[in-house]
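Undergrad: Have a look at this prediction, sequence included:
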Amino acid sequence: MFGLIGHSSNFEEARQKARDLGYEEYADGDLDMWCSAPPQIVETLSITSATGQTIEGSYIDSCFVPEMLSRFKTATRKVQNAMELAQKQDIAITALGGFTSIIFENFDLSKFQQIRSTTLEWERFTTGNTHTAWVICQQVEINAPLLGIDLSTAKVAVVGATGDIGSGVCRWLQQKTGVGELLLVARHQQRLLDLQTSLGGGRILALEEALPEADVVVWVASLPQSLTIDRESLKKPCLMIDGGYPKNLDSKVAGTGIYVLKGGIVEFFSNIDWKMMAVADMENPQRQMFACFAEAILLEFEGWHTNFSWGRNRISIDSMQTIGQASMRHGFKPLGLNPATLPLLASTAH
Ligand code: NDP
């Protein structure tokens, strides 16, 4: 059995979701009430792979919302309680979706293995970041050429380059894809220098310096909603892979010559009978999902009951390749640019 731990994008959405699912007391509750709310198993489902194999899983809403990020104890408790619930349900492999993996890592929750009477078994959990990194790299490799961008000479900016996903993406794009030049963007300079050394290349730039130079921008940082981007200064065409969470680039930059693709999203080959991705705002919620969730599903299909993605900056090209092959085998495909717009793309690319 696989598990998916998730949360709503914001408090209002959480209340609406609670109303839709029939949890009236939560729908009417204030943020303080939500802070003390326990995690809920809101859906159980089965999925059949392209190979014909069927597995069962559960979606656990941690009852965390991003408005709680500043409340350290609440945020950590939400993640720990959801993990405890997953383990008590004897779920073999559970993905930590959205902010839950970031809270786990940033607040160093691996130090707190004992939750009441439960000793958390780390091998039952995965961040899903290896599959996310692989999917994002595929999205770059497949979609850039559709816009007339030659990756062997292109400048590719990775915003969040030193992060867990970002560093895996940088390694792949440099060593497997062989992009023209990597532009490395993050705030902490020493981490950028360490990454540059480990990659043996890449140019460190501030965000506002990198954007006008980039043919492709991979966003793998949770950026403030207040971020503004000067569309006029961007190259055209420019492919933007919006891999961060929440996804908010489209409204900021999409327009003539600038193509925004939701990053780290996969599409399954057949419909799944679940509700959770409709509330996650997917265009085709019966088939699309976050790649991190798909990683837990893949690990269950393969019987790899192990914390495949764990810790920070350990994603290797080999592990990306392994999970990528499983992804294709079981019927997942990285989300691509809308084919209906491609003739238009081809004409603007030259
Ligand atoms: P990490 O915390 O490991 O990395 C975040 C990176 O972003 C770091 O390089 C950090 O460096 C950088 N960063 C943060 N704020 C800024 C800023 N204001 N300007 C520039 N750089 C910044 O996160 P992950 O790699 O685990 O996740 C990255 C993103 O991907 C998150 O938004 C996450 O929610 C999303 N995600 C998406 C998934 C999917 O399935 N689609 C799955 C998992 C995660 P520094 O602090 O030095 O700036």
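TA: Perfect, I can see it now. Residues are numbered from 1 along each chain as shown.
Undergrad: is it true that residue 330 touches residue 300?
TA: No - counting by CB atoms under 8 Å, residue 330 does not reach residue 300; the two are 10.0 Å apart. C-beta: built from backbone N, CA, C; applies to glycine.
Undergrad: Can you give me every residue that contacts residue 157?
TA: 182-183, 185, 205, 210-211, 213-214, 216-218 (CB atoms under 8 Å, 6 or more residues apart in numbering).
Undergrad: What is the nearest of those residues to the ligand?
TA: residue 185 (5.7 Å; CB to the nearest ligand atom).
Undergrad: Can you name the next helix or strand after the host helix or strand of residue 103?
TA: In this assignment (DSSP states H and E), residue 103 forms part of helix 99-106. Note on helix 99-106: by DSSP H and E, the next helix or strand toward the C-terminus is strand 114-115.
Undergrad: mind listing what that following strand pairs with, with the direction of each?
TA: Paired neighbours of strand 114-115 in the sheet (DSSP bridges): strand 118-119 (antiparallel).
Undergrad: Could you find the closest non-adjacent residue to the residue of the chain found nearest the ligand?
TA: Closest contact between the chain and the ligand, by CB to the nearest ligand atom, is at residue 163 (2.1 Å). Among residues not flanking residue 163 along the chain, residue 220 sits closest, at 5.8 Å (CB to CB, 6 or more residues apart in numbering).
Undergrad: tell me the contacts of the one you found?
TA: So residue 220 contacts 136, 158-161, 163, 165-166, 169, 243-244, 263 (CB under 8 Å, 6+ apart).
Undergrad: And residue 264, by the same measure?
TA: 132, 135-136, 165, 243, 290-292.
Undergrad: contacting residues for the residue of the chain closest to the ligand?
TA: Counting by CB under 8 Å, 6+ apart, residue 163 has contacts 186, 220-221, 313.
Undergrad: let's see it at 10 Å
TA: 102, 105, 129, 133, 169-170, 186, 191, 195, 220-222, 244, 312-313 (CB atoms under 10 Å, 6 or more residues apart in numbering).
Undergrad: Could you do residue 79 as well?
TA: Listed by CB under 10 Å, 6+ apart, the contact partners of residue 79 are 5, 7, 39, 62, 64, 96, 99-104, 107, 109.
Undergrad: Check which helix or strand it maps to.
TA: Secondary structure assignment for residue 79, by DSSP H and E: helix 72-88.
Undergrad: Next, see if the following helix or strand past that helix gets close to the ligand.
TA: Downstream of helix 72-88, the first helix or strand assigned by DSSP H and E is strand 93-96. No - contact of strand 93-96 with the ligand (CB under 6 Å from any ligand atom) is absent, the minimum separation being 8.4 Å.
Undergrad: Fine by me, thanks again.
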